[in-house]
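A.B. asks: Build me a model from this:
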Amino acid sequence: MEEFLIDCISVKSESDFWNTYLQSVKPQGAYLFGRNLDAPWDALSGGGPGCPESTGKCSLRFLHSHKLKVIRDGNFFNSLVKIQADLETEGYNDISIAFE
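C.D. replies: Next up, the predicted model:
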């Protein structure tokens, strides 16, 4: 399983987060990635722009994720956690997400 580490230690805004995500994952089609909370669902559930390039199952580990809890009064982080839960509920088992 390929693992992508996204270190959020320097993230102070949504823009910082998306830049960090794209720099860490280095997906094909990054220039088409929407940089909004619909974009990760589209990427991870359907293989759209921003989806990690992997030959099989992969893991996204968001390090220092506590830094995301201050963006939009915690709603940004909560939305990412919902995406994680929705991927699991919908049976997208090829991609796992962890917040550390």
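A.B. asks: and H64, how far is that from L22?
C.D. replies: 17 Å (C-beta to C-beta, to the nearest Å). All C-beta spots, glycine's among them, are computed from the backbone N, C-alpha and C.
A.B. asks: For burial, what's the neighbour tally of V11?
C.D. replies: 23 (other C-beta atoms under 10 Å).
A.B. asks: Need the pLDDT of it.
C.D. replies: pLDDT recorded at V11 is 97.
A.B. asks: what comes up buried for stretch 93-100?
C.D. replies: 95-97, 99 (16 or more other C-beta atoms under 10 Å).
A.B. asks: wait, what's in contact with the most centrally placed residue in the chain?
C.D. replies: The residue lying closest to the centre of the chain (C-alpha atoms, centre = their mean) is P40, at 5.8 Å. Contacts of P40 were listed using C-beta atoms under 8 Å, 6 or more residues apart in numbering, and they are 21, 50, 80, 83.
A.B. asks: top of those by neighbour count?
C.D. replies: Highest count within the contacts of P40 by other C-beta under 10 Å belongs to Y21, 25 neighbours.
A.B. asks: Give me the phi and psi for it.
C.D. replies: phi -60, psi -50 (degrees, to the nearest 10).
A.B. asks: That one against I6, yeah?
C.D. replies: Yes: with contact defined as C-beta atoms under 8 Å, Y21 counts as touching I6 (5.6 Å).
A.B. asks: tell me the residue furthest from the middle of the chain?
C.D. replies: D73 (18.6 Å).
A.B. asks: For S79, see how far away it is.
C.D. replies: According to C-beta to C-beta, D73 stands 12 Å off from S79.
A.B. asks: With P49 instead?
C.D. replies: 19 Å.
A.B. asks: More neighbours: these two, which one.
C.D. replies: S79 (18 against 15).
A.B. asks: contacting residues for the more buried one?
C.D. replies: S79 sits next to L37 when contact means C-beta under 8 Å, 6+ apart.
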